[in-house]
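[1] Predicted structure and sequence below. I'll ask about it afterward.
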Number of protein chains: 2
Amino acid sequence: MADSFGVQLQERIKEFGPLCVGVDPSSALLSAWDRPDNADGLEFFALAVLEAVSGVVSVIKPQVAFFERFGSAGFRVLERLIADAHDAQIMVIADAKRGDVTVTNEGYAQAWLREDSPLCVDAVTASPYLGVRALEPLFEAARENGRGVFVLAATSNDDGRVIQQATTADGERVEDVVMETVARLNHRDGGLGSLGIVLGATRSAPRFDLTTLAGPYLVPGVGAQGAGAVDVARLFERCEEGTVLASVSRDILRTGPERRSLRDAAQRWRDDLRSAL
Amino acid sequence: MADSFGVQLQERIKEFGPLCVGVDPSSALLSAWDRPDNADGLEFFALAVLEAVSGVVSVIKPQVAFFERFGSAGFRVLERLIADAHDAQIMVIADAKRGDVTVTNEGYAQAWLREDSPLCVDAVTASPYLGVRALEPLFEAARENGRGVFVLAATSNDDGRVIQQATTADGERVEDVVMETVARLNHRDGGLGSLGIVLGATRSAPRFDLTTLAGPYLVPGVGAQGAGAVDVARLFERCEEGTVLASVSRDILRTGPERRSLRDAAQRWRDDLRSAL
């Protein structure tokens, strides 16, 4: 059986550092890059970012919403990006934030985590509003295929707090319950597991003991959203090496389309994060 | 300016009854229909359902997860279904349950609610885990284009209750806060608004007064998931006519692929719901 996603990601982070570069081809960024806001512009943008960061980082995180804008044509570009990234030995985390009832999550598992799908990636982000337990088809597909799922716990935006910090019937915060549930599933599997957590760098330490997840953290909110490498280091200070992956998007992407600028910005963030973490 | 989505939907419901037929081409249903589990099977399934229910109901609800399973090829089928449904004067609610931070939700708004997108539908479902307020780009696109957004409040599955019934800092349940926030936005716009709520028929009455939403309800959990027409009628008993749309999927779809069986099953559910509501 393949190593779990957590183990594979840890090896990558130890070698290439704890930076994941977001691929966010929004209308605003395509315009800033002087590219058309269509599938051609999208493809140029996505492949330029991939080319620029190859050899510098080992993980990219396409934001699916910005590909979905162009329907099937946008998904064709995403499929090409995924294939090219795999050829370049770069891991792909699809930032899709999918989540539904169990029977429907089987569909999302087939889309993102089954080898025969053109969208099959190393990991996908998932939303727990319909219950962490309802995500089981995604978890199962991840375990079976050496792939991963990052479940949203505490996101980087302020709007998220109303729900994420609400108190459940057990007297715990929603964000803590999400992390505890994921930790329990990872511990059942043993070792460093397939299931990760999304925890924004702009948030204060949760009650959940972050060292007990037995899985990786995906950390947005770094760069343009306000947090720096030092904030990430402080939040995850006692976590095992190679279990924290910070994601930077706009702060790197806005330096494009010049490849060298993109590469330099990625390198700076990677080095900052590596020395802080 | 076009009528709001709530007004348009109300007219449809008054004419054709309060039934929306789910289009869920899962592996299990394609197999039951003796069709291949690929994009061809998907297309056959989706167009057969559309053809069978045309003239019987006025709204269909494709479950995006089951199209996404085949990547861009699946989205091409979804685009065809949307175009054909519009030609047949049938409304389409994309059950996508999208939701992210504000800047990313602009991408989802462009995908599902902007006229120049091949995925543009009459309404889309959205998930509030990152905050109802973060969904504003979707709300704005809906208002501007006479389209709608159904925000998940209380879903039909048991797993959802941990989070949806947690207590916020204001001492209210998450599901009630979601409904109150959406109601406030609808009242600000005036009349029957663009913003709806997803509330499972399997759930008991919330504390929120359902008659005050000033928008439509999309009601899953009917049929195979356990609730009947009478449960829907009881839950929404004092709501204005034409504001409640019950969604039935498996209980109709499993009668396929024979068109007459699908049509008969849809007709039975429509008539049951119409006389109960």
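    Great, that's in hand.

[2] okay, and for the stretch 101-250 of chain A, where does confidence drop off?
    The stretch 101-250 of chain A contains no residues with pLDDT under 70.

[3] Once you drop chain neighbours, what's closest to the closest residue to chain B within the stretch 151-277 of chain A?
    Scanning the stretch 151-277 of chain A for proximity to chain B using Cβ to the nearest Cβ identifies A:D159 as nearest, at 2.7 Å. For glycine as for every other residue, the C-beta is placed from the backbone atoms N, C-alpha and C. By the measure of Cβ to Cβ, 6 or more residues apart in numbering or on different chains, the closest residue to A:D159 outside its immediate chain neighbours is B:G131, 2.7 Å from it.

[4] tell me the SS of that neighbour?
    coil (DSSP: H, G, I helix; E, B strand; the rest coil).

[5] swap in A:V230?
    Secondary structure for A:V230, judged by three-state DSSP, is helix.

[6] who's in contact with it?
    Under the criterion of Cβ atoms under 8 Å, 6 or more residues apart in numbering or on different chains, the neighbours of A:V230 are A:A276.

[7] any idea how far it is from B:S249?
    Here the criterion is Cβ to Cβ, to the nearest Å. By it, A:V230 lies 50 Å from B:S249.

[8] how about the residues of the stretch 101-250 of chain A near chain B?
    Those residues of the stretch 101-250 of chain A that sit near chain B, judged by Cβ under 8 Å from any Cβ of the partner chain, are A:101-108, A:110-111, A:117-119, A:127-134, A:152, A:155-169, A:174, A:177.

[9] The same query, at a cut-off of 7 Å, please.
    Residues of the stretch 101-250 of chain A found near chain B (Cβ under 7 Å from any Cβ of the partner chain) are A:101-102, A:104, A:107-108, A:110-111, A:117-119, A:127-131, A:133-134, A:152, A:155-157, A:159-160, A:162-163, A:166-168, A:174, A:177.

[10] Just those residues: which are in strands?
    Secondary structure assignment by DSSP state E places A:L152 of these in strands.

[11] circling back: so the residue of the stretch 151-277 of chain A closest to chain B makes contact with B:E136?
    No: because the distance of 9.0 Å does not satisfy Cβ atoms under 7 Å, A:D159 is recorded as not touching B:E136.

[12] In helices only, show me the residues of the stretch 101-250 of chain A next to chain B.
    With helices taken from DSSP state H, the overlap with those comprises A:T102, A:T104, A:G107, A:Y108, A:Q110, A:A111, A:V162, A:I163, A:V174, A:V177.

[13] The second one - how many residues pack around it?
    It stands for A:T104. 24 (other Cβ atoms under 10 Å in any protein chain shown).

[14] what's the answer for the one 4 residues further on, then?
    Other residues lying near A:Y108 total 26 when counted by other Cβ under 10 Å.

[15] Report the beta-bridge partner residues of A:G196.
    Beta-bridge partners of A:G196, counted by DSSP bridges, are A:F150.

[16] is it true that it touches A:L152?
    No: under the contact definition of Cβ under 7 Å, A:G196 does not touch A:L152, with a separation of 10.5 Å.

[17] was I right about A:P118 contacting B:R69?
    No: taking contacts as Cβ under 7 Å, A:P118 lies outside contact range of B:R69: 10.1 Å.

[18] if you count what's nearby, which of those two comes out ahead?
    Neighbour comparison, A:P118 and B:R69: the larger count goes to B:R69, with 27 against 17 (by other Cβ under 10 Å).

[19] pretty sure the more buried one is in contact with A:A111, am I right?
    Yes: contact criterion Cβ under 7 Å: B:R69 and A:A111 qualify, at 4.8 Å.

[20] what sits in contact with each of the two?
    Residues touching both B:R69 and A:A111 (Cβ atoms under 7 Å, 6 or more residues apart in numbering or on different chains) are A:S117.
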